[in-house]
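Peer 1: sequence first, predicted coordinates after that:
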Amino acid sequence: VQLQASGGGLVQPGGSLRLSCEVSVFAFDYYAIGWSRQAPGKERERVSCISSSDDTCYADSVKGRFIISRDNAKNTVYLQMNDLKPEDTAVYYCGKELGDYHTDEYDYWGKGTLVTVSS
């Protein structure tokens, strides 16, 4: 199993980015996938998740600004990030859950992509 996150970069406050997570796994559509992030000097936190049936979850800090989605034909999960703030600066990781629903039990993580929000 491999997960490849991409789409990070430098963006100004108020801007948008779309992260992608391509997952190499048999029966991708069965698994829940999630995003977490880790800012410098801070603990890793869950950002968002999506189940096999498209149920979603969001951290309070990103609700209303981030949208998670999946394209099972492309084995890819997206994280659309809007109205970005400096506090969103972090390395973003995508992970594969053990099952089809978001239980916060991950068995694989990708290497992460850096998002920097700064003017």
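Peer 2: Happy to help now that I have it. Residues are numbered from 1 along each chain as shown.
Peer 1: give me the secondary structure label for the residue positioned nearest the centre of the chain.
Peer 2: Centroid-nearest residue in the chain, with CA atoms, centre = their mean: Trp35, separated by 2.9 Å. When classified by DSSP: H, G, I helix; E, B strand; the rest coil, Trp35 comes out as strand.
Peer 1: show me the strands in the chain, by range?
Peer 2: With strands called from DSSP state E, the chain shows them at 2-6, 9-11, 17-24, 33-38, 45-50, 56-58, 66-71, 76-81, 90-97, 106-109, 113-117.
Peer 1: any chance of these in JSON lines, with mean pLDDT too?
Peer 2: Converted to JSON lines, the strands of the chain look like this (pLDDT from 0 to 100):
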{"stretch": "strand 2-6", "mean pLDDT": "97"}
{"stretch": "strand 9-11", "mean pLDDT": "98"}
{"stretch": "strand 17-24", "mean pLDDT": "98"}
{"stretch": "strand 33-38", "mean pLDDT": "98"}
{"stretch": "strand 45-50", "mean pLDDT": "97"}
{"stretch": "strand 56-58", "mean pLDDT": "97"}
{"stretch": "strand 66-71", "mean pLDDT": "98"}
{"stretch": "strand 76-81", "mean pLDDT": "98"}
{"stretch": "strand 90-97", "mean pLDDT": "97"}
{"stretch": "strand 106-109", "mean pLDDT": "94"}
{"stretch": "strand 113-117", "mean pLDDT": "98"}
